[in-house]
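Chemist: using only what follows, build the 3D model:
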Amino acid sequence: MTPRALIFDVDGTLVDSNDAHAVAWAEALREFDIRRAPSQIRPLIGMGGDKLLPQIAGLSVDSDRGQQLTKRRAALFRERYLPHVHAFAGVRALFERLLDDGLQLAIASSGETEEVDAMLGIAGIADLELARASAEEVRSSKPDPDAIEVALARLRGRHGVRKQVLMVGDTPYDIEAARRAGLGAIAFRCGGRSDTELAAARLIVDGPAELLRRYTDPASTLPWDNSSPDT
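Modeler: The predicted structure is shown next:
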């Protein structure tokens, strides 16, 4: 059974930005006299700042210092790292094919709206009809399911039953958020995670280009239906 909707993460899923985010966080933390290596931060990329900052620095994102640090990280990322981010192969072709086949597509990201919009531009899909949910619209970022629930609400009336909606992401946080929302997940390796870390996904593929290949191959079986046993 082909799904009626897919909900996509952005960073590490559609664009190769995870390392850049880790470096930007490390640089911002250093300016606030908090020494953390990018390698310490990298495993937390995929969460929003509300989760990452307490874990890596013991700061609440709502504190004065936490707000200042978060704003500085955003500025550093935008000015120094965003210009070097590139899309993974096959993003535009995958989205166009899915839309042409009548699927509804949504974006559910732990990133801020401005960054998400920029990433969708880099991925070449900013002009497509996509429901969107980003950090400002949720109380808690992944692995909590808030962003997915917002995206689902924007698809309501079009996506049918929840079992025909899947999350596509690159981290265990995406997979766990999907599980909490009652969805299955497809995981991409292109974000840098191991198959062991992604093992709870229904399907693990290299990235957008491989998912498109599997989707268009008549001989390929995809675990679309959430009510089916995992394959």
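
Chemist: for the residue lying closest to Leu128 once chain neighbours are set aside, give its distance to Leu6.
Modeler: Once flanking residues are discounted, Leu128 sits nearest to Phe95: 5.8 Å by Cβ to Cβ, 6 or more residues apart in numbering. (Each C-beta comes from the backbone N, C-alpha and C, glycine too.) Per Cβ to Cβ, to the nearest Å, Phe95 is found 9 Å from Leu6.

Chemist: tell me, what's touching those two both at once?
Modeler: Listed as contacting both Phe95 and Leu6 by Cβ atoms under 8 Å, 6 or more residues apart in numbering are Leu105.

Chemist: tell me which element the residue lying farthest from the centre of the chain is part of?
Modeler: For the chain, the C-alpha farthest from the mean C-alpha position belongs to Asp33; by Cα atoms, centre = their mean, that distance is 29.4 Å. Asp33 is part of no helix or strand when elements are defined by DSSP states H and E.

Chemist: look up how far Leu76 lies from it.
Modeler: 16 Å.

Chemist: what does Leu6 give?
Modeler: 32 Å.

Chemist: you'd agree Ala24 is up against Tyr81?
Modeler: Yes. At 5.4 Å, Ala24 counts as touching Tyr81 under the criterion of Cβ atoms under 8 Å.

Chemist: so between those two, which is more surrounded?
Modeler: Ranked by neighbour count (other Cβ atoms under 10 Å), Ala24 and Tyr81 place Ala24 first, with 24 against 17.

Chemist: need the three-state assignment for that one.
Modeler: Three-state assignment for Ala24 (DSSP: H, G, I helix; E, B strand; the rest coil): helix.

Chemist: tell me the contacts of it?
Modeler: Arg73, Leu76, Phe77, Arg80, Tyr81.

Chemist: list the buried ones in the helix or strand in which the residue nearest to Leu128 is found?
Modeler: Assigned by DSSP H and E, Phe95 falls within helix 91-100. Residues of helix 91-100 classed as buried by neighbour count (16 or more other Cβ atoms under 10 Å): Val91, Arg92, Leu94, Phe95, Leu98.

Chemist: pLDDT of that helix, averaged?
Modeler: Confidence for helix 91-100, expressed as mean pLDDT, is 97.

Chemist: quick one: distance of that helix to the chain centre.
Modeler: Relative to its chain's centre, helix 91-100 lies at 17 Å (Cα atoms, centre = their mean, to the nearest Å).

Chemist: keeping just the C-alphas, turn that helix into PDB.
Modeler: Extracted in PDB, the C-alpha atoms of helix 91-100 (Å, rounded to 0.1, in the frame of the first residue of the first chain):
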ATOM      1  CA  VAL A  91      15.900  15.600  -3.600                       C
ATOM      2  CA  ARG A  92      14.000  17.500  -6.200                       C
ATOM      3  CA  ALA A  93      13.400  14.500  -8.400                       C
ATOM      4  CA  LEU A  94      12.100  12.500  -5.400                       C
ATOM      5  CA  PHE A  95       9.700  15.200  -4.300                       C
ATOM      6  CA  GLU A  96       8.400  15.800  -7.900                       C
ATOM      7  CA  ARG A  97       7.800  12.200  -8.500                       C
ATOM      8  CA  LEU A  98       6.000  11.700  -5.200                       C
ATOM      9  CA  LEU A  99       3.800  14.800  -5.800                       C
ATOM     10  CA  ASP A 100       3.100  13.700  -9.300                       C
END
